[in-house]
Structure formats: C-alpha cells, structure tokens
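Visitor: using only what follows, build the 3D model:
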Amino acid sequence: MLEKSDTDVAAVLAAFNSKHLDVGLLVPTSTGMQKSIMDATSSLRDYLSDNNFHDYQKQAQGPEAKRVKQAFFVWPDRLEPTTVSMYRPNTKLGDPRIWFGKLKVYAEPFNLLAVLIYNDELYVINCSNAEVLASIANPLSPLGRIATSQVAVSDPRVDELLEKLKAISALGFVPTQRVGDTGVGMTLETLLGISANSSKSPDFHGIELKAKRIKKGSENRATLFSQVPNWQRSPIGNAWNLLSTYGYFRDGKLRLNQTMSATTVNSIGFFLEIDRGRDWLMQNHMDGAAEKLTHVITWQLQDLRNRLLEKHPQTFWVAAKSQGKGETESFHYVSVEHTRKPNARNFDALIESGIITVDYLMSQRGEKRVRDHGYLFKMHASNFSALFPPADVYDLI
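Guide: As a prediction, the model looks like this:
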C-alpha cells in the first residue's frame with residue numbers, strides 16, 4: 001500500500017535515516033479507516049519482531065489471543081497516549097492485523113505513518129503532517145529527543161583506500177582500460193591493483209567500489225547489486241524463455257533491454273509487484289489488448305535484502321570526469337560518497353514506491369543461449385539517504 005501514500009516515501013525514510021532511526025511504515029486506506037483495521041505487512045511484522053515488541057508468528061488466531069499495548073501518537077509538542085491492538089482473526093487464514101486507538105482523529109486515509117519502537121514503547125508518527133516530521137530536527141520535541149539519543153558508529157578503516165584514491169586523482173585524466181560503459185569501474189580497479197573477478201564480495205578490504213561518470217544535466221541511476229531470479233519459482237522457467245518470449249530484434253540480435261518499476265507499466269507491459277504473503281518480488285506482464293496479466297519472474301525478497309547487505313557493508317561511490325570516447329576515453333576521479341550499512345528494511349518500501357527499479361540487459365548468443373549483464377537493481381544517488389545512513393563526502397582533488 002505504500003504506493004498509495006500521499007507523502008514522498010523516500011524523503012520520509014531519508015529523514016529517519018539521517019538520525020539513525022529504524023522505522024516501520026503503514027498507509028491506512030479509506031476502507032481500513034472506516035472498519036478500524038489495517039494489514040500488518042510483512043515488513044512491519046519483521047520490525048515489531050526484531051525489536052522484541054510483538055511476534056505474530058507466535059500468536060494464535062481469534063479475539064482471545066489479541067494483544068493490546070500502550071502506544072503514543074507523536075505531535076510536535078507532546079505525546080498523546082493511545083493503544084495498539086495486534087491480532088489474527090479467525091477468518092482469512094488469520095492474516096495479521098493492527099490498529100491504533102483514535103487513529104481517525106490523528107490521521108487521514110493514505111497518510112504515511114511511521115511506527116517507531118524506542119525503549120520498548122511504540123510511537124506512531126504521522127509523516128504526512130509536515131510539522132510532526134520536521135520536529136525530528138528539534139531536540140526539545142518528543143521525536144527530537146529520541147533522535148538525539150542515537151549515536152552514529154564511525155569506522156576508521158577507510159583511510160588507506162581514501163589515500164590511494166587521492167593519489168589516483170592526482171594523476172589527472174588516465175586512459176580507459178576497457179571500452180564501453182564498464183570502463184570507468186575497470187580502470188579504477190586496475191589502478192588500485194584489484195584483479196577482475198566475478199566474486200560477489202566487496203572489492204577492497206571489505207569496501208565495495210562503484211565508479212560512475214559525471215554527466216551534465218542528468219543523473220544516472222546507480223547499480224546497487226545484481227541478483228538472478230529464483231527460476232524454480234518463476235513461471236517463465238529460465239533466461240532463454242524470458243528472452244525468446246518477450247524479446248525483440250535490434251541490430252541483428254534478439255534483445256531484451258528493459259527498465260521496470262512497481263509504480264508504472266513500461267512500454268512492453270512489464271511492471272514489478274510485491275507479494276507480501278509470500279515475501280516475493282514479482283515481475284509481471286500486462287497484455288493490454290487481451291487484458292491478460294501474467295506472472296513472469298520471481299525473486300524472494302529476503303534474498304534481495306541479504307544481497308544488499310552483503311554487497312554494501314561499506315561502499316565508496318567514486319565520481320569521475322570523462323573526456324574522449326571509445327578507445328580514447330579517459331577519466332579523472334574527483335570525488336567519493338562513502339555510505340555504510342544500508343537499512344535493508346527500507347528496501348521493500350523503495351521498491352513499492354518506484355525509487356528502486358530493475359533492469360534487464362540481455363541478448364541472444366548462439367542457439368538458445370543468453371548473454372546477460374545481470375538483473376540490475378538500481379536507484380538514483382539522490383535517493384541514497386532513504387536507504388543508507390548519512391554519507392561522508394570527500395573531494396579527492
């Protein structure tokens with residue numbers, strides 16, 4: 001339901017990330033507000049369980065098993081006591097539910113609500129109320145007092161890499177080591193003495209390296225990671241079936257180069273959808289003419305969250321100026337954005353809100369064989385603050 005939020009999800013997550021606060025998100029619908037009921041989404045259930053507040057998996061169905069605890073609505077100048085009810089009804093397979101007493105007074109349908117656990121107490125924050133969200137910056141406000149209690153953990157192990165990058169920057173423009181889009185990254189790794197390999201581990205003593213060209217007037221999406229679908233759970237079965245079914249001929253080859261989002265259907269009918277019940281990310285196809293919806297590809301969301309954490313314990317996003325083209329291209333590495341462990345809980349919300357997208361880059365090579373450049377999960381660097389804690393930015397010049 002996050003795609004129905006009346007507030008920018010990425011901006012809200014960035015506000016909490018900037019204060020090193022982890023939250024769960026909810027968006028009440030009109031029907032839910034009328035019936036005083038909301039689905040406790042899988043990400044919210046995980047949040048409550050991880051913070052030892054409530055475990056729906058251990059909860060029986062029926063009204064007698066309902067748990068009611070004290071909670072608080074957050075205002076800029078006060079906390080308003082309320083209650084949180086957590087239960088699993090006897091109907092509909094016991095789908096987990098949650099509700100906050102007097103929510104209809106505190107929020108409107110499609111407001112974005114953040115749930116925050118602090119010192120074993122639950123706080124509900126109406127992020128669609130600009131004054132409530134802005135109070136996070138006021139250390140005298142209820143939300144600000146919680147925020148100022150959090151301390152960022154620094155890691156000094158970056159010094160060696162930073163000094164090496166400054167030395168590379170001092171070289172000025174250096175010739176590319178590879179023609180094409182990957183040249184900027186390959187050249188940097190070569191200068192650092194990193195051998196080319198297919199390992200999924202971070203590149204330099206536990207630090208992932210991502211290099212990009214600086215382009216005027218536009219911002220390229222940054223690749224977070226690549227993750228092959230779960231083919232056993234994907235109705236299409238394998239990469240060749242995907243390419244041969246939905247691909248198209250271009251420049252003499254069968255290709256499938258597509259960007260997909262959870263908020264829009266692209267030009268060939270592809271879009272992403274989260275199945276909360278099964279904790280899946282699905283790529284579907286909508287045939288507008290036939291009014292037919294087809295489930296094509298499946299990723300297990302937990303695999304994606306784990307991949308994000310595995311890939312980015314620490315990451316240096318290195319920006320380079322570029323001059324020349326093709327074999328004559330050269331790079332001057334000028335700046336670094338240093339991010340630390342991402343908030344994987346925010347990953348699902350950023351998929352749902354269209355901030356994180358997925359690219360297919362594949363073509364045919366030989367009979368029934370596919371050449372692909374990965375199944376790429378991407379986002380704009382301008383939205384990093386919604387996924388990563390506050391970054392350190394270094395000028396290498």
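Visitor: contacts, neighbours, all on C-alpha from now
Guide: Will do.
Visitor: for the nearest residue to Leu25 once chain neighbours are set aside, give me the backbone phi and psi.
Guide: Once flanking residues are discounted, Leu25 sits nearest to Ala114: 4.7 Å by Cα to Cα, 6 or more residues apart in numbering. Dihedral angles of Ala114 (phi, psi; degrees, to the nearest 10) stand at phi -100, psi 130.
Visitor: and Ala114, what's its pLDDT?
Guide: Note on Ala114: pLDDT of 96.
Visitor: cool, and the one 10 residues further on?
Guide: According to the per-residue confidence, Val124 scores 98 in pLDDT.
Visitor: could you pull out the strands for the stretch 251-397 of the chain?
Guide: Using DSSP state E, counting those that start in this stretch, the strands of the stretch 251-397 of the chain run over 253-260, 270-275, 280-287, 292-300, 314-323, 330-340, 357-364, 370-380, 392-395.
Visitor: which other helices and strands contact the shortest one?
Guide: Contact here means 3 or more Cα pairs under 8 Å, 6 or more residues apart in numbering; DSSP states H and E; on that basis strand 392-395 packs against strand 330-340.
Visitor: neighbouring strands for the strand it packs on, and are they parallel or not?
Guide: Each strand paired with strand 330-340, and its direction, by DSSP bridges: strand 174-175 (antiparallel), strand 314-323 (antiparallel), strand 392-395 (antiparallel).
Visitor: outside of that strand, which residues touch it?
Guide: For strand 330-340, the surrounding residues in contact (Cα atoms under 8 Å, 6 or more residues apart in numbering) are 165, 168-169, 171-176, 184, 312-324, 388-397.
Visitor: do that again at 7 Å, thanks
Guide: By Cα atoms under 7 Å, 6 or more residues apart in numbering, the residues outside strand 330-340 that reach it are 169, 172-176, 184, 312-324, 388-389, 391-397.
Visitor: which residue lies farthest from the center of this protein?
Guide: Distance from the C-alpha centroid of the chain, by Cα atoms, centre = their mean, peaks at Glu64 (37.3 Å).
Visitor: buried residues in stretch 104-113?
Guide: Tyr106, Ala107, Glu108, Pro109, Phe110, Asn111, Leu112, Leu113 (16 or more other Cα atoms under 10 Å).
Visitor: how about those in TSV, adding secondary structure?
Guide: Shown next, in TSV, are these (DSSP: H, G, I helix; E, B strand; the rest coil):
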residue	secondary structure
Tyr106	helix
Ala107	coil
Glu108	coil
Pro109	coil
Phe110	coil
Asn111	coil
Leu112	coil
Leu113	strand
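Visitor: of the residues you listed, just say which sits nearest to Glu352.
Guide: Leu112 (13.4 Å; Cα to Cα).
Visitor: wait, Lys19 touches Ser149, no?
Guide: No - Lys19 lies out of contact with Ser149 (Cα atoms under 7 Å); the separation is 9.1 Å.
Visitor: what about the two, which has more around it?
Guide: Each of Lys19 and Ser149 has its neighbours counted (other Cα atoms under 10 Å); Lys19 has more, 20 against 12.
Visitor: once you drop chain neighbours, what's closest to that one?
Guide: Ala147 (5.6 Å).
Visitor: what's next to the host helix or strand of the one you found, contact-wise?
Guide: Of the helices and strands defined by DSSP states H and E, Ala147 is found in helix 142-148. Outside helix 142-148, the residues that touch it by Cα under 7 Å, 6+ apart are Lys19, Leu21, Pro76, Asp77, Arg78, Leu79, Ser135, Ile136, Ala137, Asn138, Pro139.
Visitor: what sits against Thr29?
Guide: So Thr29 contacts Pro109, Phe110 (Cα under 7 Å, 6+ apart).
Visitor: confidence score at it?
Guide: Thr29 is assigned 93 on the pLDDT scale.
Visitor: for Val151, same thing?
Guide: 58.
Visitor: ok, back up a step: possible to save the buried residues of stretch 104-113 as CSV with distance to Ile268?
Guide: Conversion of the buried residues of stretch 104-113 to CSV gives the following (distance: Cα to Cα, whole Å):
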residue, distance to Ile268
Tyr106, 42
Ala107, 38
Glu108, 36
Pro109, 33
Phe110, 30
Asn111, 32
Leu112, 31
Leu113, 34
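Visitor: nearest to Leu122, of those?
Guide: Looking at the buried residues of stretch 104-113 and their distance to Leu122, the nearest is Leu113, at 12.4 Å (Cα to Cα).
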